[in-house]
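Undergrad: any chance you can model this:
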Amino acid sequence: THTQRLGGDESENVLNAPNVDRQKDGSFKSHIRFGFAAPKDHVVVAIDYSQIEARISAVTAGQLSIIDAFRAKRDLYSEFAQKYTGRSVSRELAEIDPQADKDRKMGKETILGGWFGLGGVTFQRRARGKGLRLTLDEAKGAIAFFREDCDQAPVTWAQFDGAIGHVLHYHEPCKVGDVE
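TA: Here you go, the predicted model:
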């Protein structure tokens, strides 16, 4: 099943080229971006859209809890992971505690992938592609928790499925949320 993500699927994608931050040992996190060159008198610009898919999805779905978290500049990934696991999770703790790091990564991947209707098996595979090893039960549990915590996501999937089906078999205008 294709998830309709803006940045592609689990494969490498130029839109997801890692940054080139210098690590503590002096090496670079990634060399991929060094492979891009601009024509003469032009520049290559790298932009971080800061969770754009989750932001667009939350606004489209009217998921106020997520919108409020973004407005307050809270760490949504840590918050989700902490609610789901019951363990203390933060960016700072993730830098020194392997369990908190795994939990935060799980929170991030769940928030980013959960909006796109992933099931447990697909989520487990996607997480593995990001270096996160989850059991199938962990993956299914995270997705189930996301669907409860972000209860407008499944409603939005149904609206979009109906709208897409309507477009494919067009007869008259259709309505998704407040948009016709």
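
Undergrad: any idea of the pLDDT on the most centrally placed residue in the chain?
TA: Central residue of the chain (Cα atoms, centre = their mean): residue 112, 1.4 Å from the mean position. pLDDT, residue 112: 86.

Undergrad: assign it to helix, strand or coil.
TA: Using DSSP: H, G, I helix; E, B strand; the rest coil, the structure places residue 112 in helix.

Undergrad: all numbers from here: first residue = 49
TA: Sure, I'll start counting at 49 from here, so that last one is residue 160.

Undergrad: now do it against residue 88, distance only.
TA: 37 Å (Cβ to Cβ, to the nearest Å). Any C-beta I mention is one placed from the backbone N, CA and C, and that applies to glycine too.

Undergrad: same question for residue 113.
TA: 49 Å.

Undergrad: kindly report the same for residue 212.
TA: 44 Å.

Undergrad: what about those two, which has more around it?
TA: A side-by-side neighbour count of residue 212 and residue 88, using other Cβ atoms under 10 Å, places residue 212 first with 13 against 5.

Undergrad: now the strands for this structure?
TA: Taking DSSP state E as the criterion, the chain carries no strands.

Undergrad: in terms of pLDDT, where does the closest residue to residue 138 other than its chain neighbours sit?
TA: Nearest non-adjacent residue to residue 138, counting by Cβ to Cβ, 6 or more residues apart in numbering: residue 126, 5.0 Å away. You'll see residue 126 listed with a pLDDT of 95.

Undergrad: hey, where'd the helices end up in this structure?
TA: 100-109, 112-119, 124-133, 139-144, 146-162, 168-177, 184-197, 200-216 (DSSP state H).

Undergrad: ok, residues contacting the third one?
TA: Contacts of helix 124-133 from elsewhere in the structure, counted by Cβ atoms under 8 Å, 6 or more residues apart in numbering, are 99, 102, 114, 117-118, 135-139, 142, 151-156, 158-159, 189-190, 193-194, 197.

Undergrad: next, the angle from the helix-or-strand element of the chain with minimal mean pLDDT to helix 112-119.
TA: The helix or strand of the chain with the poorest confidence is helix 200-216; it has a mean of 76 (mean pLDDT, DSSP states H and E). Using axes from the mean of the first three to the mean of the last three Cα atoms, to 10 degrees, the inter-axis angle of helix 200-216 relative to helix 112-119 is 100 degrees.
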